[in-house]
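Participant: Mind looking at a prediction? Sequence and model below.
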There are 2 protein chains.
Amino acid sequence: MDDIDRALLAALQRDATQSYAALAATVGLSTGAAHERVRKLREQGVIRRTTVDVDPAAVGRGVLAFVMVEANAWMGDSPTHEALSALPEVEEAHVVAGPASVLVKIRVGTPEQLQASLRRLFGVEGVTGTRTIVVLETFFERPLDPRPPTAAP
Amino acid sequence: MDDIDRALLAALQRDATQSYAALAATVGLSTGAAHERVRKLREQGVIRRTTVDVDPAAVGRGVLAFVMVEANAWMGDSPTHEALSALPEVEEAHVVAGPASVLVKIRVGTPEQLQASLRRLFGVEGVTGTRTIVVLETFFERPLDPRPPTAAP
DNA sequence: GCTGAAAGGGGCGGGTT
DNA sequence: AACCCGCCCCTTTCAGC
């Protein structure tokens, strides 16, 4: 994992459809070498998968909300994981520290569907309450910066 | 945008490296037809981009937090957008309804870097406070479900 | 709009320095 | 570990239905 690997990651995040030849050119390597490095990044799990970024509004999921789920028991376990995973509108689920137990990211089509989704969350074992944050506008959602995190001023 | 398009999106989300021939087989179309449909999905902006999913821990960003940013003025504007975008550790930024003005998703390497990042957030014009939710464990982060959102029981 | 086939380009495996 | 060169498969296109 050196600077060339990070450059490859950044280039692939920007456009994973580009050829290995183009990729190699941007990082200053031969095609084969670039290919070999990317293969290893996949093998090591640094690249988890190659995927497409779909516009939520185009598939009827233009409403975004974050829901802080409160519970009367420990929710950081497998049954909770599976119960949340079974809800297709839940895009992310995190066990968190703080007033809530779990934070989930939800995408639906309408406020009515948001209400229905909250009702479903209450159906998950142990859930005693929810605090919902509705998103009015998304400034950006972007791929993780592969550069090493440094606290510049 | 029909069921075949949604099936194509789901297949591409799962693995965007697969050939158009394989893609065509899974949706029951010829190679050329599948290719043409995907081309149109890109052209229409339904597929925003093809990218790679990078493991945060592998690039030194194993600490995840959500920060609710409070402000003394309206933050849903371009200057705020740009100020947050300039911070590489900020992966997402949303204007939200509720007690906070903006919700940001932050990835750093250590608690010290999280502290440094919060300090930088206070440097953004108008920010008067932050409430931080630290993630202990991520259950899942997955691609958006391209199927139409329906409130099943 | 889908099918099927034809042609060009690139992925991907060798061996070599 | 990176370069060079090979074949082969996949992408891309076009005529036809």
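Facilitator: That came in fine, so what should we check first?
Participant: Roughly how far does the nearest residue to A:D53 once chain neighbours are set aside sit from A:V59?
Facilitator: Residue nearest to A:D53 in three dimensions, not counting chain neighbours: B:R48, with 4.4 Å by CB to CB, 6 or more residues apart in numbering or on different chains. Backbone N, C-alpha and C define where each C-beta goes, glycine included. Relative to A:V59, B:R48 is positioned 12 Å away (CB to CB, to the nearest Å).
Participant: Comparing the two, which residue is more hemmed in?
Facilitator: Neighbours per residue (other CB atoms under 10 Å in any protein chain shown) separate B:R48 from A:V59, with A:V59 holding more: 21 against 14.
Participant: Isn't that one up against B:L9?
Facilitator: Yes - under the criterion of CB atoms under 8 Å, A:V59 makes contact with B:L9 at 7.2 Å.
Participant: which neighbours do those two share?
Facilitator: B:V46, B:P146 (CB atoms under 8 Å, 6 or more residues apart in numbering or on different chains).
Participant: follow-up on the earlier one: any idea how far DNA strand D is from the residue nearest to A:D53?
Facilitator: B:R48 sits 17 Å away from DNA strand D, going by CB to the nearest atom of the strand, to the nearest Å.
Participant: which ones are touching that residue?
Facilitator: Counting by CB under 8 Å, 6+ apart, B:R48 makes contact with A:V52, A:D53, A:V54, A:D55.
Participant: just the buried members of the residues you listed?
Facilitator: Buried subset of the contacts of B:R48 (neighbour count, 16 or more other CB atoms under 10 Å in any protein chain shown): A:V52, A:D53, A:V54.
Participant: The second one belongs to a helix?
Facilitator: Translated: A:D53. No - counting by DSSP: H, G, I helix; E, B strand; the rest coil, A:D53 is located in no helix; its state is strand.
Participant: what domains does the record give for chain A?
Facilitator: A:3-43, A:56-134 (automatic domain parsing).
Participant: How far does the shortest one stretch from one end to the other?
Facilitator: What that stands for is domain A:3-43. 18 Å (CA to CA, to the nearest Å).
Participant: Repeat that for stretch A:116-132.
Facilitator: Terminal residues of stretch A:116-132 lie 13 Å apart, using CA to CA.
Participant: Return the set of buried residues in it.
Facilitator: Within stretch A:116-132, the residues scored as buried using 16+ other CB under 10 Å are A:A116, A:S117, A:L118, A:R120, A:L121, A:V124, A:G126, A:V127, A:T130, A:T132.
Participant: Check stretch A:133-143 too.
Facilitator: Within stretch A:133-143, the residues that qualify as buried are A:I133, A:V134, A:V135, A:F139, A:P143, counting by 16+ other CB under 10 Å.
Participant: Let me know the secondary structure of the third one.
Facilitator: This means A:V135. At A:V135 the chain is in strand, as set by three-state DSSP.
Participant: Might you report the residue contacts of the residue of chain A most remote from its centre?
Facilitator: Distance to the chain centre peaks in chain A at A:S30, reaching 32.2 Å (criterion: CA atoms, centre = their mean). By CB under 8 Å, 6+ apart, the contact list for A:S30 reads A:A24.
Participant: can you pull the pLDDT of it?
Facilitator: Listed pLDDT for A:S30 reads 92.
Participant: in terms of contact, does A:L144 touch B:R61 like I think?
Facilitator: Yes - at 6.2 Å, A:L144 counts as touching B:R61 under the criterion of CB under 8 Å.
Participant: Out of the buried residues of stretch A:116-132, which comes closest to DNA strand D?
Facilitator: Within those, the smallest distance to DNA strand D is 36.4 Å, found for A:S117 (CB to the nearest atom of the strand).
Participant: In three-state terms, label the closest one for me.
Facilitator: Classification of A:S117 by three-state DSSP places it in helix.
Participant: you'd agree it is up against A:K105?
Facilitator: No - applying CB under 8 Å, one finds A:S117 not in contact with A:K105, separated by 11.3 Å.
Participant: Now the common contact residues for the two.
Facilitator: Residues within reach of A:S117 and of A:K105 at once, by CB under 8 Å, 6+ apart, are A:V90.
Participant: hang on, A:L9 in a helix?
Facilitator: Yes - judged by three-state DSSP, A:L9 forms part of a helix.
Participant: Now the closest residue to it other than its chain neighbours. Its backbone dihedrals?
Facilitator: Excluding the flanking residues, the one nearest A:L9 by CB to CB, 6+ apart is A:P146, at 4.1 Å. A:P146 adopts backbone torsions of phi -80, psi -10, taken as degrees, to the nearest 10.
Participant: count of residues packed around A:P146?
Facilitator: 24.
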